[in-house]
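In: got a predicted structure here, sequence first:
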Amino acid sequence: MSGVNVSLAVVNFMQANYMEKISVDDLEAVTGVSRFAILRAFHRQFGATPMRWLWRYRVELGAKLLHDQPAWSCSDIAYFCGFETPSHFTRRFRAVYGRPPGHYRQNKRESG
């Protein structure tokens, strides 16, 4: 399996299973490739590890849900996006957007 195919198989698996706990062992099982080959191919393709890519994917989904699902709490969104705790979601969200999810949601409401 080429590096691009490995990376795409990993992305497809993570997008289909983002709500679940995903490990590098899972990625090895899906691709049939060693963890080192996965990490090397994925970093070459996306400039990040698979887990960092997954966190970013989950955070971006969370940002969309904060806007699209105003009745959902930040905790509901965190769990829906696959984070094990709301605080982990908040830490990752703040790293990407520079503010916690609640402030992001409030600013989106105020700006229309």
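Out: Noted; the coordinates are in hand.
In: show me how the record splits the protein into domains.
Out: Following automatic domain parsing, one gets these domains for the chain: 3-47, 53-111.
In: which helix or strand in the chain has the lowest average pLDDT?
Out: Evaluated with mean pLDDT, DSSP states H and E, the helix-and-strand set of the chain has its lowest mean pLDDT in helix 101-111, which scores a mean of 83.
In: buried set for it?
Out: Of all the residues in helix 101-111, those buried under the rule 16 or more other Cβ atoms under 10 Å are 101, 104-105. Bear in mind the C-beta positions are built from the backbone N, C-alpha and C, glycine included.
In: elements contacting it?
Out: The contact analysis (3 or more Cβ pairs under 8 Å, 6 or more residues apart in numbering; DSSP states H and E) places helix 101-111 against helix 50-68, helix 74-80, helix 86-97.
In: quick revisit: including distance to residue 29, could the buried residues of helix 101-111 go into TSV?
Out: Output for the buried residues of helix 101-111, formatted as TSV (distance: Cβ to Cβ, whole Å):
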residue	distance to residue 29
101	32
104	35
105	37
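In: can you tell me which of those residues is closest to residue 39?
Out: Proximity to residue 39 was ranked across those by Cβ to Cβ; first place goes to residue 101, at 29.1 Å.
In: mind listing what that closest one touches?
Out: Counting by Cβ atoms under 8 Å, 6 or more residues apart in numbering, residue 101 makes contact with 62-63, 66, 74, 77-78, 89-90, 93.
In: just residue 39 next, same as before
Out: Residues touching residue 39, when contacts are defined by Cβ under 8 Å, 6+ apart, comprise 24, 49-50.
In: got it, and residue 49?
Out: Contacts of residue 49 (Cβ under 8 Å, 6+ apart): 39, 42-43.
In: name the residues of stretch 35-53 that are buried.
Out: So, applying 16+ other Cβ under 10 Å, buried residues of stretch 35-53: 38-39, 41-43, 45, 50, 53.
In: right, I mislabeled it, should have said stretch 60-68
Out: Buried residues in stretch 60-68 (16+ other Cβ under 10 Å): 61-63, 65-66.
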